[in-house]
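> Structure here, sequence nowhere to be found:
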């Protein structure tokens, strides 16, 4: 851990870190107009299409922007980028940050409209963000409404090697392991891109599985449960066997649910493996080798002793990917990771693991 | 079912069942939406030699489970579709029949067993009347609801049931299963029975979050809830996550003056089956340290196939006190059974 004390008068354990989940926001509908083709630009204007912010992330909800990072709305790309540089990239010396744009492209019921806005959004990300900050990388937004169109968009955008993963929402039309979605995984694997599954929903179903809740707080809460059901789907449907080099990154999941979830899944796999005989090894082994989780929110208490126990329950230093989840309000001050994560684990989580997970990061990232 | 329960129904309902059946917010009339891993999800050795369904013969249950496993106190939870039926009046009639059957065939004959009041949640007034009809009997120790409902379980439509349970001092037992009519995950309908089974843990999480966030424990501070058959390992993570969103949502959650973890610590119990089985068994003990050893209840799930054998469900060297609490005393305390 030589670099723990370089860079001035205070320890810089995050120097060279890769931030695997930062949020960028489309300021308003008009921002994308120059990137739409003529027909969809006309449609947007004639029909008075609004900004596609989603119920999963109301902008003004306190949890969705740390108070000292909150910008006056609508925040321009320039202002968002400046904040990201000052508050994270420069402050801690990150080597790279992966942008996820959670614009509600996937919620549209029209497949064509979803496709056209996804295209515009990816082009906007490349031009307005990646061109302006060499440390940024991004996820490819895909129209999940139509996996064929999604695969096409992956192949179109993946030629720009600053796009390092495919972005999906954790709640879709149907569970993500189903064969319906396999064209997306085929394209991602072919392009060498991990599939990043991020909190968020297409809102085809109530987030609880038992009806619509009264409070946004439950929508937020339910994202973690949704990751659990989706991981079950990906494993039992055989996605990892069918796509042997595919990696899956779970973003903004809450981390602490993972160990007891895997204990339960291994137990049921033992009891019911005749139903899914193509799953030949315990699910926990599949997850350990093929699935990664970003570290904010972590969903742990302040007690570092509990965090140490949890990391022991996870049982591997390779499973976690460092993320700030900027500008969401996950932590205060400089507590990028919860107390209880050791310097050695920070090195794995913030540098080695991202580089191992995202092959494209090696191109131009100096850790 | 036919002999034990339908015979107790008015002719109108027997005709109804014989003609259109018991439609329960799913497409099949007989099969479940996820065909089970075993016939009727039961242990193959649990069919009584004299005929009938597993779990329908008291003498056989004594011989196979209660006596050899030294069960001193057992809570019956009658499942079946009664509570999820589309026809609300039929649901009310069946719940009454099932409750009477528990007394006549089980609790009046076997002092080790107590029943659960099955409540027709779709007609809260009828459910409340049924709770008041039966609450004074020693035969019943809880009110039974299911986890998959047409509305989140904290929804105001169910509050009369919680008010009645709090008034008569009975806990609510929320058992996994039921047909709420919605896709069983927030991301749609999965393919496999294994996913159906796994998702009970997530549905239990949704249920507990709903009870807390909708303000049920704030409104009914003496109400106690047991979450049944969803496992228990997920509880600490849920508590940490809920406390964080509560801190960040004080305006939206202005009806909750206290952090979620406090309501949960006071008002919520969890049954063990299917208990999570980490490779390092000490890990499950650490998780229960975080939950609280006074809040976990042993459950076998007899006669179902995923039965947890009490000899093996907690394969850890536990202190005498923890062992007693887990296997017996916590349940006696929760369900108000006097003990030494």
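Thanks, I have it. Only a predicted model underlies this, so the values are computations on that prediction, with no experimental measurement involved. Numbers count the residues shown, from 1 in each chain, chains lettered A, B, ... in the order given.
> which residue sits closest to the residue in chain A positioned nearest to chain B in space, ignoring its chain neighbours?
Using CB to the nearest CB, the closest approach of chain A to chain B is made by residue A:260 at 2.7 Å. C-beta coordinates here come from the backbone N, C-alpha and C atoms, glycine included. Spatial nearest neighbour of residue A:260, excluding adjacent residues (CB to CB, 6 or more residues apart in numbering or on different chains): residue B:233 at 2.7 Å.
> number of nearby residues for that neighbour?
Neighbour count of residue B:233, defined by other CB atoms under 10 Å in any protein chain shown: 27.
> just checking, it is part of a helix?
No - counting by DSSP: H, G, I helix; E, B strand; the rest coil, one finds residue B:233 to be coil, located in no helix.
> so where's the chain uncertain?
This is for chain A. Residue ranges of chain A with pLDDT under 70: A:1-11, A:365-367.
> Correction: the question concerned chain B.
For chain B, the stretches with pLDDT under 70 are B:1.
> go again using 90 as the cut-off
For chain B, applying pLDDT under 90 flags the ranges B:1-4, B:29-32, B:37-44, B:50, B:52-56, B:79-81, B:273, B:305-308, B:310-317, B:339-340.
> where along it do the strands fall?
B:74-75, B:113-118, B:140-146, B:172-175, B:225-228, B:268-271, B:296-297 (DSSP state E).
> Could you dump these into CSV with mean neighbour count added?
CSV is the format used below for those (neighbours: other CB atoms under 10 Å in any protein chain shown):
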stretch, mean neighbour count
strand B:74-75, 20
strand B:113-118, 26
strand B:140-146, 26
strand B:172-175, 26
strand B:225-228, 26
strand B:268-271, 25
strand B:296-297, 25
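> want to try JSON lines for those strands, with distance to residue B:325 as columns?
Listed next are those as JSON lines, based on distance: least, CB to CB, whole Å:
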{"stretch": "strand B:74-75", "distance to residue B:325": "16"}
{"stretch": "strand B:113-118", "distance to residue B:325": "19"}
{"stretch": "strand B:140-146", "distance to residue B:325": "18"}
{"stretch": "strand B:172-175", "distance to residue B:325": "19"}
{"stretch": "strand B:225-228", "distance to residue B:325": "15"}
{"stretch": "strand B:268-271", "distance to residue B:325": "11"}
{"stretch": "strand B:296-297", "distance to residue B:325": "8"}
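> Redo those strands as TSV? Include distance to chain A.
Listed next are the strands of chain B as TSV, based on distance: least, CB to the nearest CB, whole Å:
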stretch	distance to chain A
strand B:74-75	23
strand B:113-118	19
strand B:140-146	10
strand B:172-175	11
strand B:225-228	14
strand B:268-271	12
strand B:296-297	13
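> List the neighbours of the helix or strand hosting the residue of chain A closest to chain B that are in contact with it.
Applying DSSP states H and E as the criterion places residue A:260 in helix A:258-272. Outside helix A:258-272, the residues that touch it by CB atoms under 8 Å, 6 or more residues apart in numbering or on different chains are A:228, A:231-232, A:235, A:276, A:279, A:282-284, A:287, A:293, A:310, A:313-315, A:319, B:37, B:192-194, B:197-198, B:201, B:231, B:233-234, B:237, B:274, B:276-278, B:283-284, B:287, B:305-306.
> Next SSE downstream of it?
Remark: after helix A:258-272, the chain's next helix or strand is helix A:283-290, criterion DSSP H and E.
> quick one: buried residues of that following helix?
For helix A:283-290, a neighbour-count test (16 or more other CB atoms under 10 Å in any protein chain shown) marks A:283, A:284, A:286, A:287, A:288, A:290 as buried.
> can I assume residue B:180 is in contact with residue B:149?
Yes - in this structure, residue B:180 is within contact of residue B:149 by CB atoms under 8 Å, at 4.7 Å.
> between the two, who's got more neighbours?
residue B:149 (27 against 22).
> Find the nearest non-adjacent residue to residue A:36, please.
For residue A:36, ignoring the flanking residues on the chain, the nearest one in space by CB to CB, 6+ apart is residue A:120 at 4.7 Å.
> picking up where we left off before, please identify which of the strands of chain B is closest to residue B:97.
Residue B:97 lies closest to strand B:113-118 among these, at 9.4 Å (CB to CB).
> Partner strands of that closest one, with direction?
strand B:74-75 (parallel), strand B:140-146 (parallel) (DSSP bridges).
> I'd like the ones you listed laid out as a markdown table, including distance to residue A:22.
Shown next, in a markdown table, are the strands paired with strand B:113-118 (distance: least, CB to CB, whole Å):
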| stretch | distance to residue A:22 |
| --- | --- |
| strand B:74-75 | 50 |
| strand B:140-146 | 41 |
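> The residue nearest to residue A:36 sits in which helix or strand?
With DSSP H and E as criterion, residue A:120 is part of helix A:111-124.
> Please apply the same query to residue A:167.
For residue A:167, the host element (DSSP H and E) is strand A:163-171.
> Now residue B:301. Nearest residue, chain neighbours left out?
Counting by CB to CB, 6+ apart, residue B:273 is the residue found nearest to residue B:301 once chain neighbours are left out, at 4.5 Å.
> quick one: contacts for the one you found?
Here residue B:273 is in contact with B:229, B:231, B:298, B:299, B:300, B:301, B:306, B:307, B:308, B:313 (CB under 8 Å, 6+ apart).
> and these, which are buried?
Among these, those scoring as buried are B:229, B:231, B:298, B:299, B:300, B:301, B:306, B:307, B:308, B:313 (criterion: 16+ other CB under 10 Å).
> with these in mind, which one is nearest to residue B:252?
Nearest member of the buried ones among the contacts of residue B:273 to residue B:252, counting by CB to CB, is residue B:231, at 29.2 Å.
> how many other residues sit next to the residue nearest to that closest one when sequence neighbours are not counted?
If the residues on either side of it in the chain are set aside, residue B:231 comes closest to residue B:201, at 4.9 Å by CB to CB, 6+ apart. By other CB under 10 Å, 28 other residues sit near residue B:201.
> now swap in residue B:338 and tell me
5.
> List the contacts of it.
residue B:332.
> Quick check on it: phi, psi?
The phi and psi torsions at residue B:338 (degrees, to the nearest 10) take the values phi -60, psi 140.
> That one and chain A: what is the separation?
When distance is defined by CB to the nearest CB, to the nearest Å, residue B:338 is 34 Å away from chain A.
> Against residue B:30, how distant is that residue?
Applying CB to CB, to the nearest Å, the value for residue B:338 to residue B:30 is 44 Å.
> Please apply the same query to residue A:294.
In terms of CB to CB, residue A:294 sits 45 Å off from residue B:30.
> Get me the contact residues on the stretch 201-340 of chain B for chain A.
Within reach of chain A by CB under 8 Å from any CB of the partner chain, the stretch 201-340 of chain B has these residues: B:201-203, B:205-207, B:209-210, B:213-214, B:231, B:233-234, B:236-238, B:240-242, B:244-246, B:248-249, B:251-253, B:274, B:276-278, B:283-284, B:286-287, B:290, B:305-306.
> Checking my notes, residue A:139 in a strand, right?
Yes - assessed by three-state DSSP, residue A:139 belongs to a strand.
> residues near it, how many?
28.
> Was I right to think it contacts residue A:97?
No - taking CB under 8 Å as the definition, residue A:139 is not a contact partner of residue A:97, at 11.5 Å.
> show me where the chain has helices.
Using chain A here. In chain A, the segments counted as helices under DSSP state H are A:38-46, A:77-84, A:111-124, A:147-157, A:182-190, A:216-236, A:239-242, A:258-272, A:283-290, A:304-314, A:343-347, A:353-357.
> was after chain B, sorry
Under DSSP H, chain B gives helices at B:11-19, B:58-61, B:88-101, B:124-134, B:159-168, B:193-213, B:216-219, B:235-248, B:260-267, B:282-291, B:320-324, B:330-334.
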